[in-house]
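Novice: build me a model from this:
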Amino acid sequence: MDFSQALQDKIDRITENWIEAVRADEKIETAKQIPYTSVRDSLPIVLQAMVTMLSQSEDSDIGKVIEESLDHGTVRAKQGYDAQEIAREYRLLRRVIFDALEPELVKGSGAEVSRAYRLIDSAIDEAIADCFQTYTQARFQELQELQNHLQLTNQELTRLVRASQENLSHLAHELKTPLTSIIGYSELFLRQRNSYPIRDSVPNLAHIDKVLSNGRRLLRLINDTLEISRYDAGRIKLQLSATNVRSAIGTVVEIIEPLAKEKNLEIVVECTPLLDQVMTDYLRLQQIITNLTSNAIRYTEAGTITIKTELLSDEQWSLCISDTGIGIASEDCDRIFQPYFRANSSLGSSIPDTTGLGLAIVVRLVNLLQGKIELVSEVGVGSSFTVIFPLELDGV
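Specialist: Coordinates of the predicted model:
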C-alpha cells in the first residue's frame, strides 16, 4: 500500500490537529501568545516532503525537511520558545501524524507499515536535530549581543562606585543572584558540551535559556540603577515641547496592553481633551506613565487598571493611575519610593521581574518635572498613584 497519497490528502487535517494539540498543551505557553500562522510556520512544507519520501517511486526528500527545519529553529528562537517547548511540539507532531494515518496503516502489510514508520520517524528525527541546531545558534547569537551590551555599560558601572555605601550594598545583593546563576549554568554547560552533542541535548539548551534570562534581568537592573545615578548626578536634561497628554498615554497603553491581556486585566483611559498643549518632556512623561502602569499590572491579578487625567486649575493638571491589586500596607507607603525597597516582600516569587527601582525612578522624574506624587492604598483593595504637574515649568 502507498501511504503517500493518504498523507497528501490529510496534510490540512494534520496541520489543524497539530496546532490544536500544541495550543492545548499547558507546557507550551509560548504558542498561546503568537498568531495561528506563526505556530503553523513551515509545517505543511515539511509534511509535503514526507509525502515524497513515502511515495513508492522515491525514497527521500530529506533535503526539504532539513531546509525547513533549519528555518524553523531560527523562527522559534525569535518567537521566544524554550528548548522543552520545541521538543514537545515535535513529540505531538509524531503522534498526530500516526493517529491520522492509522486507518490506512492497519490495512497495510508488515513490510509496508514498517517502511512508513521508518521514513516518518527518520524525517521527524532529522527535523528535530536540524531545528535544534539553528535554535542553539540563534540563542548563542542573542547571548553574544547581550554580552556586548553589558560590556558597553562597563564605563557607566564604574561611576556607580561613587554612590552611597547603602545603595552599593543593596546593588551588590541584587546583582548576586543573577550573576551566580549565570556563572553556574555557564560552567555546567561548558562541562557537558564535550560529552553531549549540543543539537541533541535539550538540557544544555535549557541552561542557555537560563543564562539569557538571568542576563536580561541583570541588564534591567543595571539600566535602572544607571537611570537613578544620572538623576542624582544632575545629568538628566529636559527636552520640553508642547505635549498632547492623551497621545502620550495612548502610546504607552499600546505598548503595555499585551501584558495586561496576559492576566485578563482591563486598561481604562479617562483623559480630559483640554490637555493637548502641556509644556513638558514628552519622553520623561511617557517613562513615568510606563513605570506606574507596568507596576500596577505587576501587582494586580484581577480587575482594572485606570489611567485618568484632569485639569485642576490654570496652573496644574493631574495624572492618576489606579489598580485593583494587592495594595500596600500603611507602614510601607512612606518607603515605597526608596531604591531597592519592595513592599509585600512576603509574596516572594509571585511578583516576578521587579528590580525595586521603578518607583524610585518615577519619584525622581516627577521632581525633575516639578511635580509631586501622592499615594493612596489599601491592602486587598488596590493602590492609586496621583501625580500633580504644572502646566508650565518654572525657570526651564
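Novice: low-confidence regions, the stretch 251-396 of the chain specifically.
Specialist: 340, 342-356, 395-396 (pLDDT under 70).
Novice: please, where are all the strands along it?
Specialist: Using DSSP state E, counting those that start in this stretch, the strands of the stretch 251-396 of the chain run over 266-270, 278-281, 304-311, 316-323, 372-378, 382-390.
Novice: the last one packs against which elements?
Specialist: Of the remaining helices and strands, those touching strand 382-390 by 3 or more Cβ pairs under 8 Å, 6 or more residues apart in numbering; DSSP states H and E are helix 282-298, strand 316-323, helix 358-368, strand 372-378. Every C-beta, even on glycine, is put in place using the N, C-alpha and C of the backbone.
Novice: try it again at 6 Å.
Specialist: With contacts taken as 3 or more Cβ pairs under 6 Å, 6 or more residues apart in numbering; DSSP states H and E, strand 382-390 sits against strand 316-323, strand 372-378.
Novice: would you list the strands of the stretch 251-396 of the chain in CSV and tack on mean neighbour count and distance to Lys237?
Specialist: CSV is the format used below for the strands of the stretch 251-396 of the chain (neighbours: other Cβ atoms under 10 Å; distance: least, Cβ to Cβ, whole Å):
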stretch, mean neighbour count, distance to Lys237
strand 266-270, 14, 30
strand 278-281, 21, 9
strand 304-311, 19, 25
strand 316-323, 20, 22
strand 372-378, 15, 21
strand 382-390, 21, 18
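Novice: now distance to Met53 too, for those, in a markdown table please.
Specialist: Formatted as a markdown table, the strands of the stretch 251-396 of the chain follow (distance: least, Cβ to Cβ, whole Å):
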| stretch | distance to Met53 |
| --- | --- |
| strand 266-270 | 50 |
| strand 278-281 | 62 |
| strand 304-311 | 53 |
| strand 316-323 | 55 |
| strand 372-378 | 63 |
| strand 382-390 | 59 |
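Novice: of those strands, which is nearest Val252?
Specialist: For Val252, the closest of those is strand 304-311, at 8.3 Å, according to Cβ to Cβ.
Novice: helices or strands up against that closest one?
Specialist: Contacts defined by 3+ Cβ pairs under 6 Å, 6+ apart place strand 304-311 against strand 266-270, strand 316-323.
Novice: what inclination does the last one have with respect to strand 372-378?
Specialist: When you say that, I think you mean strand 316-323. 30 degrees (axes from the mean of the first three to the mean of the last three Cα atoms, to 10 degrees).
Novice: neighbouring strands for strand 316-323, and are they parallel or not?
Specialist: strand 304-311 (antiparallel), strand 382-390 (antiparallel) (DSSP bridges).
Novice: what segments of this protein are helices?
Specialist: Assigned by DSSP state H, the chain shows helices spanning 4-9, 11-24, 36-40, 43-54, 62-79, 83-105, 110-152, 154-159, 165-193, 202-232, 245-262, 282-298, 358-368.
Novice: pLDDT at the nearest residue to Ala6 once chain neighbours are set aside, what is it?
Specialist: Spatially, and ignoring its direct neighbours in sequence, Ala6 is nearest to Glu104 (4.4 Å; Cβ to Cβ, 6 or more residues apart in numbering). Per-residue pLDDT puts Glu104 at 89.
Novice: got the helices and strands packed on strand 304-311 as a markdown table, with distance to Ile28 columns?
Specialist: Conversion of the helices and strands packed on strand 304-311 to a markdown table gives the following (distance: least, Cβ to Cβ, whole Å):
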| stretch | distance to Ile28 |
| --- | --- |
| strand 266-270 | 27 |
| strand 316-323 | 30 |
